[in-house]
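> okay, predicted coordinates and the sequence, questions at the end:
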Amino acid sequence: MTLEEVRAKIAASRRVVGFTGAGISTESGIPDFRSPSGVWARYRTVYFDEFVSRREARVEYWRQKVENWPHIRDAQPNAGHAAFVTLHRAGKLRALITQNIDGLHQRAGLPRESVIELHGTTTEAVCLDCGDRITSDEAVARVLAGDLAPECRSCGGYLKPATISFGQAMPYEEMQRASSATLDCDVFLAVGSSLVVHPAAGFPALAKQHGATLVIVNRDPTPLDSIADLVIHGEIGTLLPALV
């Protein structure tokens with residue numbers, strides 16, 4: 001399928017689903033996870049069961065959070081994020097499924113209810129017992145003030161960034177919403193994702209299997225390039241606005 005044919009599909013659609021990974025946010029200055037210089041290469045992974053069982057693990061997890069928080073707090077949405085807002089305002093965007101935890105899609109102008117955050121959000125901290133939430137600014141301030149493994153002030157439970165850690169179950173409601181949107185779209189735009197992290201990476205293939213036009217926009221090749229209707233490699237902030 002040619003670029004012009006895909007543009008025509010998008011122009012005629014009212015059921016576009018976006019799917020985004022770290023690549024859309026690296027152009028806003030947020031470090032990625034998988035590269036040789038990414039987050040996973042620089043820090044020891046703290047698994048969820050370790051977080052809930054050992055205070056030392058919670059201290060290390062929060063130390064990493066405090067170090068990385070300014071990069072996310074100060075980042076600004078880029079032209080790639082704005083392209084999805086354009087689709088939404090045109091009445092074409094069915095939903096935006098994201099693997100990202102930075103909240104940049106909402107800050108760009110997408111309504112909260114349109115964004116499905118498969119891996120949670122790092123803009124808040126959540127109590128693992130009662131579910132109470134506070135802002136990450138407040139949580140980080142507490143750590144910097146000496147509360148190295150902060151606990152909930154409502155019930156005393158452990159506070160944790162509201163993200164999905166290794167070993168933690170994927171959020172049921174978000175996975176169901178993402179599945180429903182994927183099965184109900186006619187164009188699926190996979191943008192800035194390596195498409196190797198499962199189960200999230202299964203959604204583009206699911207969309208294709210159910211008749212949607214699959215478009216992949218990414219800097220590097222992905223395992224699903226061979227089944228896509230159109231693959232575009234390059235800078236997302238330039239390519240995506242031109243596509244939509």
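All right, it came through fine.
> residue 81 should be in a strand, yeah?
No - applying DSSP: H, G, I helix; E, B strand; the rest coil, one finds residue 81 to be helix, outside a strand.
> contacting residues for it?
By C-beta atoms under 8 Å, 6 or more residues apart in numbering, residue 81 lies in contact with 24, 28, 104, 105, 107, 108. Every residue, glycine included, has its C-beta placed from N, CA and C.
> could you rerun that using 6 Å?
Residue 81 makes contact with 104, 105, 108, according to C-beta atoms under 6 Å, 6 or more residues apart in numbering.
> which other residues reach the longest helix seen in the chain?
In the chain, assigned by DSSP state H, the helix with the most residues is helix 55-74. Helix 55-74 is contacted from outside by 30, 43, 46, 50-51, 102, 122, 136, 140, 143, 148-149, 161, using C-beta under 6 Å, 6+ apart.
> next one: stretch 106-122
72, 77, 81-82, 85, 88, 95-99, 101, 103, 105, 161-164, 174, 177-178, 200.
> cool, and stretch 133-148?
Here stretch 133-148 makes contact (C-beta under 6 Å, 6+ apart) with 59, 62, 66, 69, 123, 124, 125, 126, 150.
> tell me the spacing between the residue most central in space within the chain and residue 226.
Geometric centre of the chain, nearest residue: residue 100, 1.7 Å, by C-alpha atoms, centre = their mean. Between residue 100 and residue 226 the distance is 25 Å, computed by C-beta to C-beta, to the nearest Å.
> what of residue 173?
Going from residue 173 to residue 226 by C-beta to C-beta gives 32 Å.
> now swap in residue 200 and tell me
For residue 200 relative to residue 226 (C-beta to C-beta), the value is 19 Å.
> C-terminal to the helix or strand of the chain with the lowest mean pLDDT, which secondary structure element comes first?
Counting by mean pLDDT, DSSP states H and E, the chain has its least confident helix or strand at helix 39-42, which shows a mean of 58. Downstream of helix 39-42, the next assigned helix or strand under DSSP states H and E is helix 48-53.
> so which of the contacts of stretch 106-122 sit within helices?
Per DSSP H, helices hold the following members of the contacts of stretch 106-122: 72, 81, 82, 85, 88, 105, 174, 177, 178.
> per-residue confidence for the residue nearest to the third one when sequence neighbours are not counted?
So that's residue 82. The shortest distance from residue 82 to any non-neighbouring residue, by C-beta to C-beta, 6 or more residues apart in numbering, is to residue 108 (5.7 Å). Note on residue 108: pLDDT of 97.
> can I get the longest strand seen in the chain in PDB, CA atoms only?
For the chain, the longest strand by residue count, based on DSSP state E, is strand 120-127. Listed in PDB are the C-alpha atoms of strand 120-127, where the atom choice follows Å, rounded to 0.1, in the frame of the first residue of the first chain:
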ATOM      1  CA  GLY A 120       0.500   2.900  33.900                       C
ATOM      2  CA  THR A 121       1.800   6.400  34.600                       C
ATOM      3  CA  THR A 122       4.800   7.800  36.300                       C
ATOM      4  CA  THR A 123       3.100  11.200  36.900                       C
ATOM      5  CA  GLU A 124       1.500   9.800  40.100                       C
ATOM      6  CA  ALA A 125       2.300   7.500  43.000                       C
ATOM      7  CA  VAL A 126      -0.200   5.000  44.200                       C
ATOM      8  CA  CYS A 127      -0.700   3.200  47.500                       C
END
